[in-house]
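> Next one to model:
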Amino acid sequence: MDESDQHDPSVGDWDPRELEANGQELLARIRRHLETIRQQPVTTDIDAAQLTALLDDPLPERPTPFGEVLDDTWERVVPHLTHWHHPSFHAYFSTSTSGPAILAEALTATFNVNAHVWKSAPAAAAVEGTVLRWMAQMTGYPEDADGVLLNGASLATLYALTAARDGLTDLAVRERGIVGRDLPVLRLYTSDQAHNSVDKAAITLGIGTDNVVRLPVDARDRMDPRALREALRDDVRRGLRPFAVVATVGTTATGAIDPLPEIAAVCREFGVWLHVDAAYGGFWRLVDGIRPEVDHLGLADSVVVNPHKVLFSSLEVTALYCRRKDALANTFRLVPEYLRTTPEDAAVDYMNLSLQLGRQFRALKLWWIIRSFGRSGLSARLTRSAAMADRLRALADGHPDWRVANSSVLPLVCLRYEPVRPEGTADRQPPGDRAAFDDRIDDRLNDRLNEMILAAVARSGRAFLSHAVTSAGYVLRVSIGNIQTRPEDIEQLWEILQKTAEDCHRRLLAEHR
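Predicted structure coming up:
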């Protein structure tokens, strides 16, 4: 290669000064975005075909100036995102990033280290150990437990259940597999409100969804320990092999918290592994008023908690803990020659605790967030979110047409609009063969009404919610936890909900006249 080619920008990276200039322009746009975020719609109403056509460019043959790339991003991409970082985003779980996380992601991308063995990124591994210890303290899990950072709670549950299965050493599944052998039928137990990642884990492990026992819940949507004990006893009597129970602290639909002490006692009685999905609920222990409800994670053999759901971290980062020492490593440790290193005291090769080999430096953003806000700052922010949820509950409880349809202490509020019928319509019959209206709209029409409200709120661009179907029917889920959200945003949400509900109610009545 000619010496001049070594400095040819057409075959090299940006000059560091160009990187700085482009980075400054990007940060300026991010600043303007955040300064005006309340004036921006939460989501888009463009249809999929239009959006696909809008972005379906031919492969670029020539370099595009970065300023043009930025312009295009803000003109064609940003307006058609659903903005999870928006203060009026309350769907699913209200995840949000934060300043420390945003900047840490840039530095992580700069270093681009691969944190698989200690030697490949020593400081990254050491920081991971530190933040895992800090988060164990926050959640009340044993600090000396094995832990690893992963990309999501679904994989964490899969890994924990794999370790639980391989903990049945008499079956030797790790060495001998499950094919062509006479093995007992393995059974896995969870509530009918648990996340579908439990079923996905059963599929992946070869256990099958037919062997996931979905147990009934009580009036608060919590797993019933008596039903668990009965199911375990019945399966043992039938010659089946119970191997794990998955309890939940913060169910997806209603934020229910399973009674861990009673469930743990049943698990000990039958010698089965207890995994707790505390992806959403675990870190709310930082709130004084919530702590007593989520103060039992240490009873679990393994637990997953999710910083990118609660601790203002950008996606993706999840923590899996296991107090059965070396159980994860006994399942996943498989070291090829090229990754063998001389053992050192205190060194941890995190590749041995999951399936993943290529591992991003996920710990840095957590290190920055926790140090920047401190435990007290994180607690204060989460406490504010919990107070805003209490305010929304109080507003709904004080209105005759609204119902709070869940009883969780977590800031996940399920609302259902059930309007009292207007005067002069007592003799009106719903269509078809439904029974006569009573003083409230028929439940099926109420379901339809709440579905209409959800869609109308999304179309407005002023807020974004999700839904669940519970024993109460079709409900609007309002998750509060975004670092951008303020009390005035919740007051505005309540106004939007009231007006939208009244408009939809009038439309629905007009349809059935």
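> only C-alpha atoms for contact and neighbour calcs from this point on.
Will do.
> Grab the longest helix from the chain for me.
In the chain, taking DSSP state H as the definition, the longest helix is helix 363-397.
> Name the residues that touch stretch 326-344?
117, 119, 146, 159-160, 162-164, 166-167, 174, 322, 351-355 (CA atoms under 8 Å, 6 or more residues apart in numbering).
> Skip the chain neighbours and tell me the closest residue to S372.
Nearest non-adjacent residue to S372, counting by CA to CA, 6 or more residues apart in numbering: P100, 7.0 Å away.
> Is there a quick PyMOL command that grabs whichever of the contacts of stretch 326-344 are buried?
Buried members of these, defined by 16 or more other CA atoms under 10 Å, are picked up in PyMOL with:
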select buried, resi 117+119+146+159+160+162+163+164+166+167+174+322+351+352+353+354
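> Filter the contacts of stretch 326-344 down to just the ones in strands.
Among the contacts of stretch 326-344, DSSP state E puts D146, C322 in strands.
> and stretch 397-408, average pLDDT?
Averaging pLDDT along stretch 397-408 yields 96.
> Can you point out the buried residues in it?
Buried-residue list, stretch 397-408, by 16+ other CA under 10 Å: D401, W402, R403, V404, A405, N406, S407, S408.
> Kindly report the same for stretch 79-99.
For stretch 79-99, by 16+ other CA under 10 Å, it's 79-80, 82-98.
> returning to what we had before: from the rest of the structure, what touches whichever helix or strand comes after the longest helix of the chain?
Per DSSP states H and E, the first helix or strand lying C-terminal to helix 363-397 is strand 402-404. Residues outside strand 402-404 that contact it (CA under 8 Å, 6+ apart) are R393, A396, D397, V413, C414, L415, R416, Y417, E418, P419.
> okay, now the first one: neighbour count?
Look at R393: counted by other CA atoms under 10 Å, it has 22 neighbours.
> what's near enough to touch it?
R393 touches V404, V413, counting by CA under 8 Å, 6+ apart.
> Using just helix, strand and coil, how would you label the residue sitting nearest the centre point of the chain?
The residue lying closest to the centre of the chain (CA atoms, centre = their mean) is K309, at 5.0 Å. For K309, the secondary-structure state derived from DSSP: H, G, I helix; E, B strand; the rest coil is helix.
> What distance do you get for it to I480?
11 Å (CA to CA, to the nearest Å).
> got any residues that touch both of these two?
Joint contacts of K309 and I480 (CA under 8 Å, 6+ apart) are F93, S94.
> Spatially nearest residue to A104 (excluding sequence neighbours)?
Nearest one to A104, counting by CA to CA, 6+ apart, is K365 at 4.9 Å.
> doesn't A101 make contact with the one you found?
Yes. K365 is in contact with A101 according to CA atoms under 8 Å; the separation is 4.8 Å.
> Tell me where the protein is predicted with low confidence.
Low-confidence segments of the chain (pLDDT under 70): 1-7, 9, 420-441.
> Which one of the buried residues of stretch 397-408 is nearest to A109?
Here the nearest of these to A109, counting by CA to CA, is S408; it sits at 38.5 Å.
> a helix runs through the closest one, doesn't it?
No. Going by three-state DSSP, the assignment for S408 is coil, not a helix.
> Any figure for the gap between it and D199?
Going from S408 to D199 by CA to CA gives 24 Å.
> what's the answer for C414, then?
25 Å.
> Those two: who's more crowded?
The neighbour count for C414 versus D199, taken as other CA under 10 Å, is higher for C414 (26 against 22).
> For F464, grab phi and psi.
Taking degrees, to the nearest 10, you get phi -140, psi 120 for the backbone angles of F464.
> Doesn't E128 belong to a helix?
Yes. Assigned with three-state DSSP, E128 falls within a helix.
> V469 is in what secondary structure piece?
Going by DSSP H and E, V469 is part of strand 466-470.
> before we move on, what about A109?
helix 99-111.
> how about that helix: buried residues?
Those would be P100, A101, A104, E105, T108, for helix 99-111 by 16+ other CA under 10 Å.
> Domain map for the chain?
Using automatic domain parsing, the domain parsing of the chain gives 114-360, 371-511.
> Can you tell me how far V69 is from E75?
10 Å.
> Mind listing the shared neighbours of K365 and A101?
Joint contacts of K365 and A101 (CA under 8 Å, 6+ apart) are S313.
> number of nearby residues for P336?
7.
> Ramachandran angles for it?
Here is the backbone geometry of P336 (degrees, to the nearest 10): phi -70, psi 160.
> now swap in L410 and tell me
When read as degrees, to the nearest 10, the backbone of L410 gives phi -80, psi 160.
> My read is that it contacts W284, right?
Yes. The criterion here is CA under 8 Å, and L410 meets it with W284 at 7.4 Å.
> where do the contact lists of these two overlap?
I290.
> List the contacts of S314.
Taking CA under 8 Å, 6+ apart, one finds S96, T97, S98, A101, I102, H308 in contact with S314.
> Next: D447.
So D447 contacts G473, Y474, V475 (CA under 8 Å, 6+ apart).
> any chance of those in JSON lines, plus neighbour count and distance to F361?
Converted to JSON lines, the contacts of D447 look like this (neighbours: other CA atoms under 10 Å; distance: CA to CA, whole Å):
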{"residue": "G473", "neighbour count": "16", "distance to F361": "43"}
{"residue": "Y474", "neighbour count": "23", "distance to F361": "41"}
{"residue": "V475", "neighbour count": "28", "distance to F361": "39"}
